[in-house]
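Novice: what follows is a predicted protein model with its sequence.
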Amino acid sequence: MRSAFPIALVGVCLVSTPLLAQTCSLRTRGRCVFTMSGLPVGTLGEKTVDSGLIAAGIVPLSNGGSNSIGGVSSSSSLSGSAAYSLLEVQANAAVSTSSSSPNGAIAGVDTSPQTQFTDRLTFQKAGAPNGTPVQVRFTLIADGSVSRSISFAASPLAARASVRATLDSGAFSNPIGIGLDTYTLNAGDVSMPATVSRVGTVFTGSSYNVNAAISANLSFLNLAGGQSGQTGATGRARVQIEMLTPGATFTSCSGTQYTPCNADLNADGRVDDADFQSFAAAYNILDCADPAMPVGCPADLNSDGFVDDLDFSAFAVAYDALLCE
Ligand SMILES: [Ca+2]
Ligand SMILES: [Ca+2]
């Protein structure tokens, strides 16, 4: 959203009102549930952690707990990290009940998103006056997995796992969503792995927020009488930002450059063997129009519609460099 100073306030406030501060922050949080009937009063059955808003660094996320009584057990865990441009989350939940126990149990992970960053970008173009339109491309690269395993016949909603990465900014319309879900994707989301870009027109001298987040949600299992089940979700996302107008640049509140690193196909900030496996699979498919190719054809590093030897040459350079910097 373009920054706007509320002119009406100027007349009202005799004391000068500060311009909106440049904001950038990181946050991790989430609730784990691990409870059952029959627990002694006062037993911890859920736990919520929240880092609050942190200005800098990598913010780790760690949460979890378990209970068991009379042959019934319940556990859930959540971990991850938030850094500018790189987000990661993992979650697991499991329940089992003995056939002879009268107790039921539930487990799950929620509170969304669990890892997130907000940054504020200001655009410039040398020699151009403030208010000059320039174009910028925002890209979200996301990968992950979900799993669901239950010992009994049930609706998909009885034990649901989902992970979703999102990117939005006032600099472009239509927020990006990439996800996986054992039940059904969010409307408008494409499935992981995927690389999705939006191009926006922004104005020099103006500032725009960019927000990215990952959510992992594991629905509660409500089990009794000799049932068991487990769910898991893991997701990673990386954000890159590129100026398309020659001579245009941006600065960010956090100081992050959001440098493109297109060969990092699994969004973990490194170009290594895991990326090579994805690249090799795409190389065998060749044509970006093939339905088997991941959305956005991320392995087509030179954007010519095919994953071929030209892309392999570019991949090899990034593989040698290893880290996305
Ligand atoms: Ca990688
Ligand atoms: Ca290509």
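Specialist: Sure, I can see it. Numbering: from 1, shown residues only. Ligands and ions are numbered 1, 2, ... in the order given.

Novice: can you give me the domain assignment for this structure?
Specialist: For the chain, automatic domain parsing gives the domain ranges 18-260, 268-325.

Novice: tell me the confidence at the residue nearest to G70 when sequence neighbours are not counted?
Specialist: If the residues on either side of it in the chain are set aside, G70 comes closest to S101, at 4.6 Å by CB to CB, 6 or more residues apart in numbering. Placement of C-beta: from N, CA and C, glycine included. pLDDT for S101: 84.

Novice: surely S101 meets S68?
Specialist: No. Using CB atoms under 8 Å as the test, S101 is too far from S68 to be in contact (10.4 Å).

Novice: more neighbours, the two?
Specialist: The residue with more neighbours, out of S101 and S68, is S101; 18 against 15, by other CB atoms under 10 Å.

Novice: quick one, what contacts the more buried one?
Specialist: Listed by CB atoms under 8 Å, 6 or more residues apart in numbering, the contact set of S101 reads G70, G71, V72, A224.

Novice: quick check: the second one touching S98?
Specialist: Translated: G71. Yes. With contact defined as CB under 8 Å, G71 counts as touching S98 (3.0 Å).

Novice: and the two? Which one has more around it.
Specialist: For G71 versus S98, neighbours defined as other CB under 10 Å are more numerous around S98 (16 against 13).

Novice: let me see the ranges of the helices in the chain.
Specialist: For the chain, helices defined by DSSP state H occupy the ranges 7-12, 273-285, 309-321.

Novice: so which of those comes closest to G255?
Specialist: When those are compared by CB to CB, helix 309-321 sits nearest G255, at 21.3 Å.

Novice: and the contacts of S101, which of them are buried?
Specialist: V72, A224 (16 or more other CB atoms under 10 Å).

Novice: nearest to D50, of the contacts of S101?
Specialist: Nearest member of those to D50, counting by CB to CB, is V72, at 29.0 Å.

Novice: where's that closest one relative to ligand 1, distance?
Specialist: 40 Å (CB to the ion, to the nearest Å).

Novice: tell me the bridge partners for that residue.
Specialist: V72 forms beta bridges with I69, as assigned by DSSP bridges.

Novice: tell me who's in contact with it.
Specialist: Contacts for V72 (CB under 8 Å, 6+ apart) come out as M36, G38, S96, T97, S98, S101, N103, G104, A105.

Novice: want to try CSV for the residues you listed, with distance to ligand 2 as columns?
Specialist: Formatted as CSV, the contacts of V72 follow (distance: CB to the ion, whole Å):
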residue, distance to ligand 2
M36, 54
G38, 60
S96, 49
T97, 53
S98, 56
S101, 58
N103, 58
G104, 54
A105, 51
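
Novice: most surrounded residue in these?
Specialist: A105 (30 neighbours).

Novice: so what's that one closest to, chain neighbours aside?
Specialist: Of all residues not flanking A105 in the chain, M36 sits nearest, at 3.6 Å (CB to CB, 6+ apart).

Novice: over to L121?
Specialist: Closest to L121 by CB to CB, 6+ apart is F250, at 4.8 Å.

Novice: show the pLDDT at the one you found.
Specialist: Confidence at F250, expressed as pLDDT, is 97.

Novice: show me what contacts it?
Specialist: L121, T122, F123, Q124, V136, I241, M243.

Novice: and the residues you listed, which two are the farthest apart?
Specialist: Pairwise distances across the contacts of F250 peak at 14.0 Å for Q124 and I241 (criterion: CB to CB).

Novice: neighbour count for the two, which is higher?
Specialist: Between Q124 and I241, counted using other CB under 10 Å, the more crowded position is I241 (21 against 17).

Novice: got the contact list for the more buried one?
Specialist: Residues near I241 by CB under 8 Å, 6+ apart: L121, V136, R137, F138, T139, V210, F250, Y258.

Novice: partners of the third one in the sheet?
Specialist: Taking DSSP bridges, one obtains V199, E242 as the residues bridged to R137.

Novice: can you check the one 5 residues further on too?
Specialist: Per DSSP bridges, residues listed as beta-bridge partners of A142: A194, A237.

Novice: for A128, see how far away it is.
Specialist: Taking CB to CB, to the nearest Å as the measure, A142 falls 34 Å from A128.

Novice: higher neighbour count, those two?
Specialist: A142 (32 against 15).

Novice: quick one: pLDDT of that one?
Specialist: Note for A142: predicted pLDDT of 96.

Novice: pretty sure it contacts A237?
Specialist: Yes. Taking contacts as CB under 8 Å, A142 lies within contact range of A237: 4.3 Å.

Novice: anything in contact with each of those two?
Specialist: Listed as contacting both A142 and A237 by CB under 8 Å, 6+ apart are A165, I178, I214, A267.

Novice: farthest pair in the contacts of V72?
Specialist: Farthest apart among those by CB to CB are G38 and S96. That separation is 14.7 Å.

Novice: show me what contacts the residue in the stretch 51-200 of the chain that ligand 2 sits nearest to?
Specialist: Here the stretch 51-200 of the chain gets closest to ligand 2 at one residue, T195, 13.3 Å apart by CB to the ion. Residues in contact with T195 (CB under 8 Å, 6+ apart) are T139, L140, I141, A142, N262, L265, P294, V295, G296, C297, P298.
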